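> Return a 3D structure for these sequence lines:
(4 chains)
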There are 2 protein chains.
Amino acid sequence: MKLPIDQIVVGDCVASMKALPDACVDLVFADPPYNLQLGGELHRPDNSRVDGVDAEWDQIGNHDDYDLFSCAWMEEASRILKPDGAIWVIGSYHNIFRLGTFLQDMGFWIRNDIIWRKSNPMPNFKGTRFTNAHETLIWATKTKDAKPTFNYAAMKALNDGVQMRSDWTFPICSGAERLKLEDGKKAHPTQKPEALLHRVLLATTNPGDIVLDPFFGTGTTGAAARRLGRHFIGLEQDMNYAEIARGRIAAIEPGSADAIDVTKSKRAEVRIAFGSLVESGLVKAGDKLYDAKGRARATVRADGSIKAGDKTGSIHQIGALVQNAPSCNGWTFWHFRSGDGLAPIDELRAKARKALADLG
Amino acid sequence: MKLPIDQIVVGDCVASMKALPDACVDLVFADPPYNLQLGGELHRPDNSRVDGVDAEWDQIGNHDDYDLFSCAWMEEASRILKPDGAIWVIGSYHNIFRLGTFLQDMGFWIRNDIIWRKSNPMPNFKGTRFTNAHETLIWATKTKDAKPTFNYAAMKALNDGVQMRSDWTFPICSGAERLKLEDGKKAHPTQKPEALLHRVLLATTNPGDIVLDPFFGTGTTGAAARRLGRHFIGLEQDMNYAEIARGRIAAIEPGSADAIDVTKSKRAEVRIAFGSLVESGLVKAGDKLYDAKGRARATVRADGSIKAGDKTGSIHQIGALVQNAPSCNGWTFWHFRSGDGLAPIDELRAKARKALADLG
DNA sequence: CGGGGAGGTGAATCCTCCT
DNA sequence: AAGGAGGATTCACCTCCCC
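I've put the predicted structure just below:
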């Protein structure tokens, strides 16, 4: 049988995989429905409505249905994978634990779990949880003894000469990269950034390898593959998505240098919260802070806010308040007792930064 | 039955939990064994060696013992948790997917998964994988409808005034914090940093709450709890670990009420009815209200309702109406004439609150 | 052409109390 | 238990328009 190389097969992904022979692909990258189970409408504080994922393909139902569906496509993915091939799956807390468990139960051997840290996630508008600022990927091989492709040196080079870690920081897909319909609406609710796929393919495939994506959507996997000189097989149920993906991929110059401008990941800024000094013990809850002349006095609280008189707030807010100034840099304004004198808390921040830099 | 508050119970954690009554703790923090499949030995939870494990080890997908053990302690943890209590579990890719799946299957509702990013992880020496630079925590409640403690404002304060995200950066436990034996060797192989527990407890418990840790080890949970004015119950099967934990915790000065006080959210404030402002004369019947730009206009009535056009209702209802919005916070939407400009009526509410506080 | 401000938006399990 | 009412709640981008 001739493989549908660099093509998109429209239809049910399990059925499409069944038509492929055993051990024919080098990598599977799967971004399956997350089965989010969202409630009603959600509004931002300014009353605008959040355009959530209400696509029919994400409404799978209870855990049992989701589990059956997951095991079905994963069994086929396993079959068509070469013995030393590898699989990637991506998900959120809604589904990733189940996917990881099934992979393990099916005999897959997890090499790493990878965290995609979003530099610009959607906030939690109601103040009820932590900002959901990441997604999780799993990289696994069919067996414990498999020898998958891993371009260690390329990853190290990509990371300024130090070993690539398991947490990757990328912005979500937006701006010019985000595919839009003619009416200006987003073409797909969950388009992944090409930079993410770039790193996945660069790390775990070689040029000429075949990558299968059973949930192809608008073709980010295909786009990254073409840019990097890999081959893809895309499976997609929705012919509209498939059509958009075809146009997108056709417009890409294979292996051209413009891949580079999507590769650059924004490095996390080293911002130190005053609260983290409390957590790390450099400052203790209950410690006193003073201005440079030892006058204005405030007390540190366990959450990194400080208290002066009956007012509480950040080091900057309270600093401004006690000076009756419009603003204040709390790091240089506030001092702590150090030996026989006072020293600005900025010295503690410098210490924390140094600890991070030395170790991390 | 009298709970072993601020004590360490030596023995099997499942047996110890069985001795506790239903719904008696506010939080469970669990750092269970990670089931590291390093090819050596497998021990049952009671530390007896599993016979024939070497042979079974190569049979892929045999997680039965770990699964049985996990479900056993999680069932008990669920039973002793109060209805609105919460559970945290921490793990790595070796075990966290299974723990998450079991939690979901038992009806727990995941609120967040949290990534602990290690600023100084151990590198991967062989260059065969990405540096394993994180661990995963899951925060869940017994049911979907539970109302767990979440100190949103304190977390925001701790993060310099922006919403706390789901990825937390801390160094691994080392230096002076790392407990050592007399021979200089580390006392426990997987001692967690106290900063991690500080954030967990500050976020999801209140002072005086009871936190149970079924895998107490050398007592990081107890140490953080004591510092923050929370109570702990520690379960630990190794009496040597328990002894080290006792000494460690006894040396800690409990946090003062002032120091453990944190920024509270507005929801915790006393409720003031708009009508009470009319009663107290802060607003008079017949007064005009405006939006921030001085446009939408309403008239205050004697019962605290307001009238815009021919519609009457609460400040919130009419605010939503004139904006054609699904909801509205009338306190911040409506303004009154103050001097030569406009000021939100929330200022009047603050005045009324202050008067209440001064009196009582 | 630059800067500033307004407006839009993203895989989201997103309120709480009282009757 | 369900419904109604009070009222709390956002970060890091992006584009577009105006001056």
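> drop to CA atoms for contacts and neighbour counts, all remaining ones
Will do.
> By average pLDDT, which secondary structure element in chain A comes out worst?
helix A:260-263 (a mean of 43; mean pLDDT, DSSP states H and E).
> so A:R49 makes contact with B:A325?
No: taking contacts as Cα atoms under 8 Å, A:R49 lies outside contact range of B:A325: 10.3 Å.
> burial count for A:K147?
By other Cα atoms under 10 Å in any protein chain shown, 14 other residues sit near A:K147.
> three-state assignment of it?
Secondary structure state of A:K147, per DSSP: H, G, I helix; E, B strand; the rest coil, is coil.
> What of A:A223?
Going by three-state DSSP: A:A223 is helix.
> these two touch, right, it and A:E253?
No: taking Cα under 8 Å as the definition, A:A223 is not a contact partner of A:E253, at 9.6 Å.
> who's more crowded, the two?
When neighbours are counted by other Cα under 10 Å, A:A223 and A:E253 differ, and A:A223 comes out ahead with 26 against 15.
> ok, now which ones touch that one?
Counting by Cα atoms under 8 Å, 6 or more residues apart in numbering or on different chains, A:A223 makes contact with A:194, A:248-249, A:252.
> out of the residues you listed, which are inside helices?
Within these, residues falling in helices by DSSP state H are A:194, A:248-249.
> Identify, from those, the entry nearest to DNA strand C.
Nearest to DNA strand C among those is A:E194, at 11.9 Å by Cα to the nearest atom of the strand.
> so where does the residue minimising distance to the centre of chain A fall, helix or strand?
In chain A, the C-alpha nearest the mean C-alpha coordinate belongs to A:W116, at 2.1 Å (Cα atoms, centre = their mean). Using DSSP states H and E, A:W116 maps to strand A:109-118.
> Now do that strand: everything it contacts.
Contacts for strand A:109-118 (Cα under 8 Å, 6+ apart): A:103-104, A:133-144, A:166-172, B:93-94, B:115, B:129-130, B:132, B:167.
> Sitting in helices, which of those do you find?
Of the contacts of strand A:109-118, the ones assigned to helices by DSSP H are A:103-104.
> buried subset of the contacts of strand A:109-118?
A:103-104, A:133-143, A:166-172, B:93-94, B:115, B:129-130, B:132, B:167 (16 or more other Cα atoms under 10 Å in any protein chain shown).
> now check stretch A:274-283, is it near DNA strand D?
No: on the criterion Cα under 7 Å from any atom of the strand, stretch A:274-283 is out of touch with DNA strand D, staying 14.7 Å away.
> Pick the one among the contacts of A:A223 closest to B:E75.
A:E194 (42.3 Å; Cα to Cα).
> does DNA strand C sit close to the lengthiest helix in chain A?
Scanning chain A for the helix with the most residues, using DSSP H, yields helix A:63-80. No: Helix A:63-80 is not in contact with DNA strand C by Cα under 7 Å from any atom of the strand; minimum separation 8.7 Å.
> and that helix, what other elements does it pack with?
Using 3 or more Cα pairs under 8 Å, 6 or more residues apart in numbering or on different chains; DSSP states H and E as the contact test, the elements touching helix A:63-80 are helix A:13-18, helix A:96-105.
> Please identify the most buried of those helices.
Most buried of the helices and strands packed on helix A:63-80, by mean neighbour count (mean count of other Cα atoms under 10 Å in any protein chain shown): helix A:96-105, with a mean of 23.
> Measure how that one sits relative to helix B:96-105, angle-wise.
Angle, helix A:96-105 to helix B:96-105, by axes from the mean of the first three to the mean of the last three Cα atoms, to 10 degrees: 120 degrees.
> re the thing from before, between the ones in helices among the contacts of A:A223, which has the most around it?
Counting neighbours by other Cα under 10 Å, A:E194 leads the ones in helices among the contacts of A:A223 with 24 neighbours.
> for the stretch 1-150 of chain A, which spans come out with low pLDDT?
Along the stretch 1-150 of chain A, segments meeting pLDDT under 70 span A:1.
> Near DNA strand C, which residues of it? Just list them.
Near DNA strand C, when you scan the stretch 1-150 of chain A using Cα under 7 Å from any atom of the strand, you find A:31-42, A:48, A:50-53, A:58, A:91, A:94, A:120-129, A:132.
> which ones among those are found in strands?
The members of these that map onto strands under DSSP state E are A:G91.
> and the residues of the stretch 1-150 of chain A next to DNA strand C, which are buried?
Buried members of these, scored by 16+ other Cα under 10 Å, are A:31-36, A:53, A:91, A:94, A:123-124, A:127, A:129, A:132.
> What about chain B: which of those touch it?
Among those, the residues lying close to chain B (Cα under 8 Å from any Cα of the partner chain) are A:94, A:123-124, A:127, A:129, A:132.
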